[in-house]
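Chemist: sequence and predicted structure are below.
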Number of protein chains: 2
Amino acid sequence: MSTTILVVEDEPAIQQLLSATLTRAGHDVIRADDGEHAMRLLNEALPDLVLLDWMLPGRSGIDIARRLRTEERTRAIPIIMLTARGDEQDKVSGLEVGADDYVTKPFSPRELIARIKAVLRRRAPHATDDPVELGGLRLDPATHRVTADDQPLGLGPTEFRLLCFLMHNPERVHSRAQLLDRVWGDHVFVEERTVDVHIRRLRSALEASGHDRLIQTVRGAGYRLSVDPGPQRGVG
Amino acid sequence: MSTTILVVEDEPAIQQLLSATLTRAGHDVIRADDGEHAMRLLNEALPDLVLLDWMLPGRSGIDIARRLRTEERTRAIPIIMLTARGDEQDKVSGLEVGADDYVTKPFSPRELIARIKAVLRRRAPHATDDPVELGGLRLDPATHRVTADDQPLGLGPTEFRLLCFLMHNPERVHSRAQLLDRVWGDHVFVEERTVDVHIRRLRSALEASGHDRLIQTVRGAGYRLSVDPGPQRGVG
DNA sequence: GCCGCTGTGTCATCAATTTGTCAAATGGCT
DNA sequence: AGCCATTTGACAAATTGATGACACAGCGGC
């Protein structure tokens, strides 16, 4: 998970703790000691999420949040605020300004991580939940079911994702690199040949119903999902 | 999105917050301070959705919900209730009366918007407080009873809510995170693995009658309630 | 107030699947 | 035939889910 988190916290000890916790959880961390500092950093690069202490010297947390929400460029960035325990007023004002969630001090690292994860997940646009159908093959993301001519198929998680991607982007050749990016995730370190293996696994699952012919190999280029078998070599 | 939302909330600050949040999200807002007020507004024009505080002075939220569900004219209007955090009884009674969803206070605006959107999207299904039945399993929100082939079952509170949610949303695969959100509540902090444990408890309660097979594990995705056992891995 | 219950959330551990890689086999193309 | 790209079968490591045990908080009875 290569998400960058901006931590705005004046107390060095807490800042250190936050930073360590987040780093250990696999996030990149940028730190700011106060509002001014935070604003400067925000001008350089936009983080994926802002973790904001509500009680800051000078410009208070609420100011920063408000400003983030005002400007077009930063409006979409999720904000999690750190508040003192039991300060209801903080929570209300924070949520009013548009914070996405809050964590009360003292916080448990696990809880912090969990909330960050939850917020990031919530903001992820829902991948289309509509069923796709093609050449007798039917895949329903919502129920996580696949049928070939109404016969249920059992696929492993990766095969499912692979087929899901192919069915949403049929009639197009996808290189192995593209498939790795889109199906496996951004920058995972996996051999390109591994794609072959999963294509094979997917094919053998489709074999029983003869739907394996939908997955075509384009020599030197990649794979394609198509009802049309395509021309044979030398044939018009 | 020109949806009109009726907000029923007695506390001015919260009402203000709700109104601001909803307006910013592009909804039209009508406000009522109490049950009577709400009823008067409902006589004038029907909103597309009602956001209802469960704890109201005078006529309680549950009364309003019940009345909305009773009258033909208002029966189809989706209801989202606002409950205090962790009030189990509220959640259960809310489901009984037929609320479509609930949000616990304090709530995050983003979450609220998301739930409203979700409810509006699926507006159609969701029987009210009628008993749900599926594959010989029968759950009656009104009496808080569950039977398997007419044999009464004893379930703990959480297991009941879990089963209730699953039976209202069958076939669909729910990730652990989604289940935590929908069954446990908004701002609770529990491990995702805990869902496994409760699924197991629910299963062992259903085991005696063999209904545990209704609860299916979808590896890498979550859980699903369905009569259709689904295929084994690799089988066509 | 004390005590035993019930319901919950966490863990540690075990079992089952899934997955990334290799290396050898296959097959197309020139 | 010779060169490559792709297909396949086999494997060991890594994930992921199922289970049983446990500690603890809340509750009601005594």
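Modeler: Great, that's in hand.
Chemist: quick one: low-confidence ranges for chain A?
Modeler: Judged by pLDDT under 70, chain A has its weakly predicted residues at A:1-2, A:58-59, A:85-97, A:122-128, A:229-236.
Chemist: what's the residue in chain A that chain B sits nearest to sitting at in phi/psi?
Modeler: The shortest separation between chain A and chain B is 2.7 Å, found at residue A:208 (distances taken as C-beta to the nearest C-beta). (Glycine included, C-beta is placed from N, CA and C.) Backbone dihedrals for residue A:208, given as degrees, to the nearest 10, come out at phi -50, psi -40.
Chemist: now for it, how many residues are close by?
Modeler: Close neighbours of residue A:208, defined as other C-beta atoms under 10 Å in any protein chain shown, add up to 14.
Chemist: and the strands in chain A?
Modeler: A:4-8, A:28-32, A:49-53, A:79-84, A:101-105, A:132-134, A:137-140, A:145-148, A:151-153, A:173-174, A:215-218, A:222-225 (DSSP state E).
Chemist: which one of those strands lies closest to residue B:152?
Modeler: Distance to residue B:152, taken as C-beta to C-beta, is lowest for strand A:145-148 among the strands of chain A, at 32.2 Å.
Chemist: still on that earlier bit, could you redo the strands of chain A as TSV and give each row mean neighbour count and distance to residue A:190?
Modeler: Listed next are the strands of chain A as TSV, based on neighbours: other C-beta atoms under 10 Å in any protein chain shown; distance: least, C-beta to C-beta, whole Å:
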stretch	mean neighbour count	distance to residue A:190
strand A:4-8	23	23
strand A:28-32	18	22
strand A:49-53	24	27
strand A:79-84	22	32
strand A:101-105	18	33
strand A:132-134	15	25
strand A:137-140	20	23
strand A:145-148	22	23
strand A:151-153	18	24
strand A:173-174	18	15
strand A:215-218	14	19
strand A:222-225	21	15
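Chemist: okay, the ones you listed in CSV with distance to residue B:29 next?
Modeler: Conversion of the strands of chain A to CSV gives the following (distance: least, C-beta to C-beta, whole Å):
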stretch, distance to residue B:29
strand A:4-8, 32
strand A:28-32, 36
strand A:49-53, 28
strand A:79-84, 24
strand A:101-105, 23
strand A:132-134, 37
strand A:137-140, 36
strand A:145-148, 40
strand A:151-153, 46
strand A:173-174, 46
strand A:215-218, 51
strand A:222-225, 46
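Chemist: closest to DNA strand D out of the ones you listed?
Modeler: Each of the strands of chain A was checked against DNA strand D via C-beta to the nearest atom of the strand, and the shortest separation belongs to strand A:215-218, namely 3.5 Å.
Chemist: so is the closest one next to DNA strand D?
Modeler: Yes: residues of strand A:215-218 are located near DNA strand D by C-beta under 7 Å from any atom of the strand, namely A:217-218.
Chemist: now find how far off-centre that strand is within its chain.
Modeler: Mean C-alpha position of strand A:215-218 versus that of the full chain (C-alpha atoms, centre = their mean, to the nearest Å) differs by 28 Å.
Chemist: tally of neighbours for residue A:13?
Modeler: Every residue meeting other C-beta under 10 Å relative to residue A:13 is counted, giving 8.
Chemist: hey, where'd the helices end up in chain A?
Modeler: Ranges of helices within chain A are A:12-24, A:35-44, A:61-70, A:88-97, A:109-123, A:157-168, A:176-179, A:193-207, based on DSSP state H.
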